[in-house]
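model this:
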Amino acid sequence: MLAISGIPLFSGFFSKEAILHAAFEGNKLVYYVALFTSGLTAFYMFRLYFNIFWHNQPTNKHNHEHGLWAMNIPLILLALGAIFAGFIPFGHFISATGLPLDLHGNLAFSIAPYR
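Next up, the predicted model:
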């Protein structure tokens, strides 16, 4: 939830900021639509989280076995990817021209776009 919401230092933050920065430089209308939809995504992800984990518990209790490794290992791997994948410099490996693309994170742009 934190990664897809674009919370800083999670993988979704880096990709969201790169897309928003490119849209800001290219087309302001696309930027504002993307900014609105990224905010909407964050709102609905937090809404989903609070509805699932902070809502009243159902009255029918089932005794499901928790801690099955067949379920926990994929979840742990996905969580690690969501936390650390943003720090991998994908621009050096993947670009449209084949040349390394240096993506600079700008915290000031993340807070408020300039110009």
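
Find the residue ranges of the protein scoring beneath the pLDDT cut-off.
58-67, 91, 94-96, 101-105, 107, 111-115 (pLDDT under 70).

Do a quick rundown of the helices in it.
Assigned by DSSP state H, the helices in the chain fall at 11-26, 28-53, 69-84, 107-111.

Residue 2 and residue 86 touch, don't they?
No. Using C-beta atoms under 8 Å, residue 2 is not in contact with residue 86; the gap is 11.3 Å. Where you see a C-beta, it was placed from the backbone N, CA and C, and this is true even at glycine.

between those two, what contacts are shared?
Residues touching both residue 2 and residue 86 by C-beta atoms under 8 Å, 6 or more residues apart in numbering: 10, 12.

returning to what we had before: show me the one of the helices of the chain that comes nearest residue 92.
With C-beta to C-beta as the criterion, residue 92 lies closest to helix 11-26 of the helices of the chain, at 13.6 Å.

Contacts for the closest one, please.
Contacts with helix 11-26, where a contact means C-beta under 8 Å, 6+ apart, come from 2-7, 30-31, 34-35, 38, 81-87, 103, 105-106, 109-110, 113.

cutoff 7 Å now
3-7, 30-31, 34-35, 38, 81-82, 85-86, 103, 105, 109-110, 113 (C-beta atoms under 7 Å, 6 or more residues apart in numbering).

what's the answer for stretch 37-45, then?
Outside stretch 37-45, the residues touching it (C-beta under 7 Å, 6+ apart) are 1, 4, 5, 6, 16, 20.

What are the buried residues along it?
38, 42, 45 (16 or more other C-beta atoms under 10 Å).

Tell me the buried residues within the contacts of helix 11-26.
Buried by 16+ other C-beta under 10 Å: 3, 4, 5, 6, 31, 34, 38, 82, 86, 103, out of the contacts of helix 11-26.

Much appreciated, bye for now.
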